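Novice: Below are the sequence and a predicted model for it; my questions follow.
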Amino acid sequence: MSAPGAAAAPTGPEASARPAPRAGAPPGEPLLEVTDLVKEFPIRAGLLRRPVGTVSAVAGISLVVGRGETLGLVGESGCGKSTTARCILGLTEPTTGSVRFAGAEVTGIGRSGAGPNSCSRTRTRPSTPA
């Protein structure tokens, strides 16, 4: 029996509702932190396809996601949701800004030849029986 006025420990579904602690960011530190994320794409024109301007796909997004939190990006078609996600995941290099995961800066990490189209450049050849 518990003392009068003391809260009982949760049992049943409430006991398993909290996510188990995971490795990564220490308690109190954001798991994902995006600061002033900007992505611009060049507009190319002419015979030599020289840059003549830029299109701003993402303009100054900042967000913080803590351990156990969920983030949803919602917006109209063409507003930069996918570009934002690609920049956060490292599939597209942001023009400026910072992406930190578990306290470590992940923007600008060398990819040793990998890039946004690395999958399309990799070919698998079927093996032929000898």
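Specialist: That came through fine. Numbers count the residues shown, from 1 in each chain.

Novice: Counting residues, name the longest helix you see in this protein.
Specialist: In the chain, taking DSSP state H as the definition, the longest helix is helix 81-89.

Novice: in this structure, which spans are helices?
Specialist: In the chain, the helices defined using DSSP H lie at 81-89, 118-121.

Novice: Confidence-wise, which of those helices is weakest overall?
Specialist: For the helices of the chain, mean pLDDT drops lowest on helix 118-121, to a mean of 44.

Novice: and the top strand by length along the chain, what does it pack onto?
Specialist: Criterion DSSP state E: the longest strand present in the chain is strand 50-65. On a contact count with 3 or more C-beta pairs under 8 Å, 6 or more residues apart in numbering; DSSP states H and E, strand 50-65 meets strand 32-45, helix 81-89. For glycine as for every other residue, the C-beta is placed from the backbone atoms N, C-alpha and C.

Novice: Please identify the buried residues of that strand?
Specialist: Buried residues in strand 50-65, counting neighbours by 16 or more other C-beta atoms under 10 Å, are found at A57, V58, I61, V65.

Novice: Pairing partners for it, with directions?
Specialist: Partner strands and pairing direction for strand 50-65 (DSSP bridges) are strand 32-45 (antiparallel).

Novice: angle of the partner strand against helix 81-89?
Specialist: Angle, strand 32-45 to helix 81-89, by axes from the mean of the first three to the mean of the last three C-alpha atoms, to 10 degrees: 120 degrees.

Novice: Quick one: mean pLDDT for strand 32-45?
Specialist: The pLDDT scores in strand 32-45 average 95.

Novice: List the buried residues of it.
Specialist: L32, E33, V34, L37, K39.

Novice: Out of the residues you listed, which comes closest to T70?
Specialist: L32 (11.1 Å; C-beta to C-beta).

Novice: Run through the residues that contact that closest one.
Specialist: With contacts defined as C-beta atoms under 8 Å, 6 or more residues apart in numbering, the neighbours of L32 are L63, V64, V65, L71, I88, V99, R100, F101.

Novice: A59 reaches V38, doesn't it?
Specialist: Yes - counting by C-beta atoms under 8 Å, V38 is a contact partner of A59 at 6.0 Å.

Novice: With that, I have no additional questions.
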